[in-house]
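Asker: take a look and give me a structure for this.
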Amino acid sequence: MDDLDILHPDAEMVVGGETIMVRALTFGQQLRLGRELRGLTDAIKAAHDEDRGVIGFMDAFSENGEGILKLLEAATGKPGDWIESLDDKQGEDLLALFWSVNQDFFVRRLAVYPALEKAARASMPSAGAASSPPSSGTATANPN
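Answerer: Here you go, the predicted model:
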């Protein structure tokens, strides 16, 4: 992968004789589609945490079908009806390409950000620890 691929990971595929471009979601699209992205990332994380393997991963996509359609519409510029009309193999290929093109987003949400949050929490003092008042550096003499 060269620097240009990292900056512009968009990819083409041929579906039904038509070449379509699958683009990485823009920042604005990510903001507008936040609910759909959150549903998908939460389902993928749950599948991983429950060690459900590839089937769990695919279930995460199907459990979020409506959201996936919106994400694919945004990434391809194609209407939902067109995406829904794809046969099984074409749909899975499109979904795989969408995942590949947008993998940086998902890696950040599923791995990098949680690791940063965990590290930040670990470096913070415990909220339950009581602080003791500082000790006085000089002893006071009893005047008696």
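Asker: residues touching the closest residue to Asp10 other than its chain neighbours, list them.
Answerer: Spatial nearest neighbour of Asp10, chain neighbours left out: Arg23 (4.6 Å); criterion: C-beta to C-beta, 6 or more residues apart in numbering. Glycine gets a C-beta too; all of them are placed from N, C-alpha and C. Contacts here follow C-beta atoms under 8 Å, 6 or more residues apart in numbering; on that basis Arg23 touches 10, 75-77, 101.
Asker: among those residues, which ones are in helices?
Answerer: 75-76, 101 (DSSP state H).
Asker: following the lowest-mean-pLDDT helix or strand in the chain, which helix or strand shows up next?
Answerer: None of the helices or strands of the chain scores lower by mean pLDDT, DSSP states H and E than helix 3-7, at a mean of 53. Moving toward the C-terminus from helix 3-7, the next helix or strand (DSSP states H and E) is strand 11-15.
Asker: in that following strand, what's buried?
Answerer: Neighbour counts over strand 11-15 (16 or more other C-beta atoms under 10 Å) mark 13, 15 as buried.
Asker: residues making contact with whichever helix or strand comes after it?
Answerer: Downstream of strand 11-15, the next assigned helix or strand under DSSP H and E is strand 18-22. Around strand 18-22, the neighbours that count as contacts under C-beta under 8 Å, 6+ apart are 10-14, 75-78, 94, 97-98, 101.
Asker: how about 6 Å then?
Answerer: Residues outside strand 18-22 that contact it (C-beta atoms under 6 Å, 6 or more residues apart in numbering) are 10-12, 75-76, 97-98, 101.
Asker: of the residues you listed, grab the buried ones for ChimeraX.
Answerer: The ChimeraX selection below is limited to those of these classed as buried (16+ other C-beta under 10 Å):
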select :75,76,97,98,101
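Asker: specify which member of the contacts of strand 18-22 is nearest to Gln29.
Answerer: Gln29 has its nearest neighbour among these in Ala75, at 8.1 Å by C-beta to C-beta.
Asker: now do the contacts for that closest one.
Answerer: 22-23, 98.
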